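Trainee: sequence unknown, structure follows:
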C-alpha cells in the first residue's frame, strides 16, 4: 500500500535517477531510518528496483509499474501540483485499487471500510 512517505520517494525518483536512502532523506522530510522501511515496502510492491552502487551502497530506482507510470503522467500533465502534500493516506488506500475499474462496494470491502 502506498503511503505519503512512499509517494515522496516516488516523487523524488520520478526524474529517472537512482538514489540511496541518505539521498532520499535529504530530498524528503523523512529520516533515513524510516525510509529504509518505506523502501522495503516499495520494493515488495514492485514499485522500486534495487541496485548496488559504489561501496556496495543500496540504491533504488523506479520501475515501470502501472502505479509509477500513472504518477509520472500526473506529474507531466499537472506538474504544478504538490501531489505528496495534497493526497491523504485514505486517498492513497482508495487509489491503490483503481488499477482497474471496480465498484465502490468492492473497494470498500477490500479496505475493510463502509
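Mentor: In hand now; what should we look at? Just so you know, these numbers come straight off a predicted model, no measurement behind them.
Trainee: pLDDT (mean, whole number) over stretch 56-66?
Mentor: Averaged over stretch 56-66, pLDDT sits at 91.
Trainee: residues of it that come out buried?
Mentor: Going by neighbour count (16 or more other CB atoms under 10 Å), the buried part of stretch 56-66 is 59-60, 62-63, 65. Yep, even glycine has a C-beta here, placed from its N, CA and C like the rest.
Trainee: got it, and stretch 70-77?
Mentor: 71-72, 75.
Trainee: Generate TSV for these, with distance to residue 38 and secondary structure as supplementary columns.
Mentor: Shown next, in TSV, are the buried residues of stretch 70-77 (distance: CB to CB, whole Å; DSSP: H, G, I helix; E, B strand; the rest coil):
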residue	distance to residue 38	secondary structure
71	15	helix
72	19	helix
75	19	helix
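Trainee: returning to what we had before: out of the buried residues of stretch 56-66, who's nearest residue 33?
Mentor: residue 60 (15.7 Å; CB to CB).
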